[in-house]
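Colleague: Okay, predicted coordinates and the sequence, questions at the end:
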Amino acid sequence: MASSIPAPATFARLHHTIKYIQRILAEVHKNFSLLDGRSLDDFFEQEKSKQSWAKRMFVDHKDLIESATPPEEFDCHLLYKMIKYMDGLAKYNDPAWESNAMDSIESLVYFVFREWDELKEGFVLSEQSLSRRLDGVQDALVRIVSKIEGRKGIDLKHLKVEVHKEFNSSLSTSFPYIYKVSSQHSIHRMLVLLYKQLNRLNGKSVEAYRKETFEIRSPLFAFTPAEKMMLRKNICPEKMPIRLVFKLLERVCGLERQKSPAWSEKSDRMEYLLTRIIKNHQEIVYSAQNLDYDWPYELFQLFEKALEVTMKITGRTNQEIMKEMPDEPVHLNEAYSCSVLCKTLTSCDSFGTISDPEPSSLAATPPASLPSLESLSIDEINIACLFQAVCSKGPAVRTLVTVFQSFKGDIAKVKSGNKKKLGLTHDDEVKMLREQLCYDLLQECRKELSEKYNQASAKLASPVTWSLHPAHKKLTIDKVFTEPEIDYSRKSMKRVQKNDIMVLMQNLKAMFIVDSYDEATYQAKELISDILHTLPRSTIIITTKQHAVSYIEMKVFEATGSDCMLLKVQGFGEDKQKEYVRNFFQLTLTSATSASEKAEADKMCTEMETYLDSLDKCHREFVSLPLTLSLLVILWQDNSKSAKEATTLTRLYQKIIRYTLKRFAPEDSDVRRWILALGKIAWQSLNRSSQCLTNKDEEKLMDLGDSLGLQKKQVLTAVLQSTSEDSTLDNKNYWTFSHNSQQEFFAAEYLVRQIVSHDKVLSVMLESCKANKLHRYLQVIEFVAGLLALEDELSLERADDIIGLISDQTPCAFEVIKRLAHDISSENEHFHSRLKNLFQDKELRRTLDNFDPDCVQWIIENTAIRVPAQVMLINSARSVVKMKTLLHTLTQKSSKPHIIATIDNMNDIEDLMTFIEDLFELSVGYTLHIQNSVDLHMLIRTWNWHRPLCLRFPQILFPLLWWELKVSLMAADIKLSSIKFSEDVTHAVDFRRGVEQLGLEWVADSSLDASEVVVTSGHVGE
């Protein structure tokens, strides 16, 4: 998806936010209702005799209100009206309802209700904009509950927890969020087209047209303040929200009045078609989990019928109308920012009503050249971030929002205290405004801090965690300002329970970094699962070895209904490697270090940098990983000659373990015995999918250490990690391996001893793992091969056995084969000869899904694998652009590769087009997997039409994306020769009609998938 399109988890959160706005409004009504079981007539007669006119608003809901139906089942519109007119809060016309201060339950209720109405179109916002608005609503919902607790003296903590839990609760695997994104954009685009074709304004404003045509005193009475602002600022319809475009279609396009039967009675009239389109839009909004798979096709049919009616009304042809189809923005943030801006620009008159802002006199003036957000100082940004966390709705944050929006180029909207327009055109004026606003921000921040932390309840609490435990007092505001990271150590968080942490973190937007998930204990993985379920506002970065990726993807999807963003760690580049080495050596120096010692350290550092420059490509990849480079530097500081010999992962771990333990036992044989004992434990733990030692394991190591004269505490701490910071011999303490690769190396040491001393066969020892978990042991197998080679014990039979284990056509196996070839093959003739015959009489898989291009290239060049006549390479566009060498190799071997490239980002399109053009002479086929209409429009405009365009759509989106494709082709006015579909495509008759509208004949192609389309222009072959 385009980078600005929200992620699936954000949409899941959007659905639950909409749901819980209704739930919290129901809670407000339950606690403040004045009905007390009375009928509507009795209530207004006894309580609201001077507001009897308001009773008319509830006539249609009289039976529902007077029934035993719980408020949780009421519509949000009804709940809001009941809260405002029938509950014991401020009067309906009290300024508190629409106050910008957001410090009363009335203003909070108004805010979440307004957001509820606007968030129904949240699918067309960007990820950042939608997330920010959901953050605000979530904060407001919790504050409403707190207000209820304070006013009523009740405990609703459970409700706060439920709100947060439900924001990211589990969704079914059928959650088709890509349909929701594309359909919202398609609906918006279609309504804008109809408005531009049918409106009768003839250059007049909406306000002037309605005043003259219908003689209405307040021609914009049906529009919200934000909508009035957009109309008066003459915002183009492409940037208007769906609900506003629909209102305009109802009122200025010559259609029947809104309550006319034409809007509800089934027919082919435009009014009824618009009703159906909006109903489809609403169904999209409220369907969190269930989706009718006929919706895309129904929406496609509605669009087609609406265009036919438009042709009749305007007398224009389909092609003429389609060519004027407006471009759809990637997102509509601007349309939805107007409502936020409107709050700050509206003013209250003496009667407490909201008056509309005057039209901006700067509308036609281009914005001044302004500094970017980065021009703010670190101190200013730190203050801003702090106050967004601890004083989320105070004046300081509102000032902050104003400052940030101003410096992003929207300064024309900023007003001074007396509502005077600011016409800034010079850098000096901009600088003065910036300094004044930042000064105001700092003053407001100091004031709010003083007020917040002078409260009695805050006197003994940490200002960061709000915990009353004395250890938390060191987590101060000063630390937030001065330290980039706060150490939540075991001691400071010792008495905080997991449930308390969850509640604490729900008040912040937190980021969790989970390093080495594959090494985590069961309890740690359970905690991570809890975080996924209960903290929807958090971001979680998880690192793991490749074998655990699919498991994590499954867990994330179960918890959030969304997919992970998968990123491969590339490691340090050459410059970063040197910088890291310099920093590492610098850390060894202290104030007590002598000048000669410093000179020696500088010399060693320079020598290591020179060594890094001399490495070939494979060795360079080896030291690019931070952990590997760290271990290498440690060895270099001890013995640079020995470090230079650590050219493989096996040699590096062998040397680092011996370096670590040599100070405990002068005899290498004693260390060796202890390592083998630990290796057996590592192997047994690995088979239990555990990284922890049992009590019996610990006792065995202790006893063996005693018998060998090793100091038990020191030797354990040298290679293992303890869970206790106080005492490593604590009964409640347990030991773990430092990281998974260390455990795998020790396990390999044990397996090699079994192979060499007891003639065991590796494949037999791994027999139980072959069925479904062999990929989990690939690193162990790699270490075993490396150790056998180092001991000159890698015989022909053992080489055959190891190669047989790794001769699997999977991405992980290909990577291991390539590394072993580099590490062992040149030194071991048995392994080298067997490797050359690897995959003998086998053919490369015809479909390679997400394989590393370099590894595939190496396998083809260095093994006996045969290349089939056709190979399909499925990968992201970013990986495809790295396939140049591989594609040359495949075509030289008379293979015809076909690439299916998934477009994940609009930027991918340009890079992919350049790549395809550079390899134009090669016989390579390309199918582009498009998932949204925005990317599709850009692709049509940039494609080189001298070659066919092969497209693949998600099955559920096929009707809508076909419609968008047809529109884009017409708008681009491309000379086409043919469009091919699969013979199995559903609703073929309707799609054939679209082909005919383009002046072409339908062509069925049995070789195409049901979701594929091939578009050929008249330029192909020229």
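Modeller: Structure's in. What do you need? Residues are numbered from 1 along each chain as shown.
Colleague: all strands for the chain, in order.
Modeller: 347-348, 354-355, 511-514, 539-542, 720-722, 735-737, 847-849, 870-876, 896-902, 925-929, 949-952, 976-982, 1002-1005, 1012-1017 (DSSP state E).
Colleague: of all the ones you listed, which lies closest to T224?
Modeller: For the strands of the chain, the distance to T224 is smallest for strand 354-355, at 10.2 Å, taking Cβ to Cβ. (Glycine included, C-beta is placed from N, CA and C.)
Colleague: Rounded mean pLDDT for that closest one, please.
Modeller: Mean pLDDT, strand 354-355: 30.
Colleague: Export the strands of the chain as a markdown table, with columns for distance to A26.
Modeller: Formatted as a markdown table, the strands of the chain follow (distance: least, Cβ to Cβ, whole Å):
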| stretch | distance to A26 |
| --- | --- |
| strand 347-348 | 29 |
| strand 354-355 | 26 |
| strand 511-514 | 33 |
| strand 539-542 | 31 |
| strand 720-722 | 50 |
| strand 735-737 | 48 |
| strand 847-849 | 48 |
| strand 870-876 | 45 |
| strand 896-902 | 43 |
| strand 925-929 | 43 |
| strand 949-952 | 45 |
| strand 976-982 | 49 |
| strand 1002-1005 | 54 |
| strand 1012-1017 | 48 |
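Colleague: do you know which of these lies nearest R38?
Modeller: For R38, the closest of the strands of the chain is strand 354-355, at 31.7 Å, according to Cβ to Cβ.
Colleague: quick one: stretch 651-661 to chain centroid distance?
Modeller: Centre-to-centre, stretch 651-661 and its host chain are 40 Å apart (Cα atoms, centre = their mean, to the nearest Å).
Colleague: quick one, helices of the stretch 801-950 of the chain?
Modeller: Secondary structure of the stretch 801-950 of the chain (DSSP state H, counting those that start in this stretch): helices at 811-820, 829-836, 853-862, 877-880, 884-892, 906-918, 933-942.
Colleague: okay, the fifth one in PDB with CA atoms only?
Modeller: What that stands for is helix 884-892. C-alpha atoms of helix 884-892 as PDB (Å, rounded to 0.1, in the frame of the first residue of the first chain):
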ATOM      1  CA  LYS A 884      19.500  -7.500 -12.600                       C
ATOM      2  CA  THR A 885      22.300 -10.100 -12.400                       C
ATOM      3  CA  LEU A 886      19.900 -12.900 -11.700                       C
ATOM      4  CA  LEU A 887      17.700 -12.100 -14.700                       C
ATOM      5  CA  HIS A 888      20.700 -12.000 -17.000                       C
ATOM      6  CA  THR A 889      21.700 -15.400 -15.700                       C
ATOM      7  CA  LEU A 890      18.300 -16.900 -16.200                       C
ATOM      8  CA  THR A 891      17.900 -15.600 -19.700                       C
ATOM      9  CA  GLN A 892      21.400 -16.900 -20.600                       C
END
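Colleague: what does that helix contact?
Modeller: By Cβ atoms under 8 Å, 6 or more residues apart in numbering, the surrounding residues in contact with helix 884-892 are 853-854, 856-857, 860-861, 867, 871, 873, 896-897, 915, 918-919, 922-924.
Colleague: which of the residues you listed count as buried?
Modeller: Among these, the ones that count as buried by 16 or more other Cβ atoms under 10 Å are P853, D854, V856, Q857, I860, V867, V871, L873, P897, F915, V924.
Colleague: returning to what we had before: for the helices of the stretch 801-950 of the chain, which one sits closest to R845?
Modeller: Of all those, helix 853-862 sits nearest to R845, with 9.6 Å by Cβ to Cβ.
Colleague: Which secondary structure elements does that closest one sit against?
Modeller: If you count contacts as 3 or more Cβ pairs under 8 Å, 6 or more residues apart in numbering; DSSP states H and E, helix 853-862 packs onto helix 811-820, helix 884-892.
Colleague: so who does E1001 touch?
Modeller: The neighbours of E1001, taking Cβ under 8 Å, 6+ apart as the test, are S978, V995.
Colleague: now it: how far from D575?
Modeller: In this view, E1001 and D575 are 58 Å apart by Cβ to Cβ, to the nearest Å.
Colleague: what's the answer for V671, then?
Modeller: Counting by Cβ to Cβ, the gap from V671 to D575 is 38 Å.
Colleague: Of the two, give the one with the bigger neighbour count.
Modeller: Counted by other Cβ atoms under 10 Å, V671 and D575 do not tie: V671 has more neighbours, with 20 against 8.
Colleague: ok, now which ones touch K598?
Modeller: Each residue near K598 by Cβ under 8 Å, 6+ apart is listed here: L589.
Colleague: what's the answer for L231, then?
Modeller: Residues near L231 by Cβ under 8 Å, 6+ apart: S205, V206, E207, L220, F223.
Colleague: Check the spacing between the closest residue to Q282 other than its chain neighbours and I242 real quick.
Modeller: Leaving aside its sequence neighbours, Q282 sits nearest to K120 (Cβ to Cβ, 6 or more residues apart in numbering; 7.3 Å). Per Cβ to Cβ, K120 is found 9 Å from I242.
Colleague: of the two, who's got more company?
Modeller: Counted by other Cβ under 10 Å, K120 and I242 do not tie: I242 has more neighbours, with 23 against 19.
Colleague: Could you verify my assumption that that one touches M190?
Modeller: No - using Cβ atoms under 8 Å, I242 is not in contact with M190; the gap is 10.0 Å.
Colleague: Find residues that contact each of those two.
Modeller: Residues touching both I242 and M190 (Cβ under 8 Å, 6+ apart): there are none.
Colleague: Buried only: go through the contacts of L231 for me.
Modeller: Among those, the ones that count as buried by 16+ other Cβ under 10 Å are V206, E207, L220, F223.
Colleague: domains for this protein, by residue range?
Modeller: Following the TED database, one finds the domains of the chain at 8-172, 184-323, 570-646, 871-1018.
Colleague: Give me the average confidence score over the third one.
Modeller: Pointing back at domain 570-646 there. Rounded mean pLDDT across domain 570-646 is 85.
Colleague: for that domain, the distance to its chain's centre please.
Modeller: Distance, stretch centre to chain centre, for domain 570-646: 36 Å (Cα atoms, centre = their mean).
Colleague: ditto for the first one
Modeller: On the basis of Cα atoms, centre = their mean, domain 8-172 is displaced by 29 Å from the centre of the chain it belongs to.
Colleague: My understanding was that N740 contacts D518; is that so?
Modeller: Yes - if you go by Cβ under 8 Å, N740 and D518 touch, sitting 5.5 Å apart.
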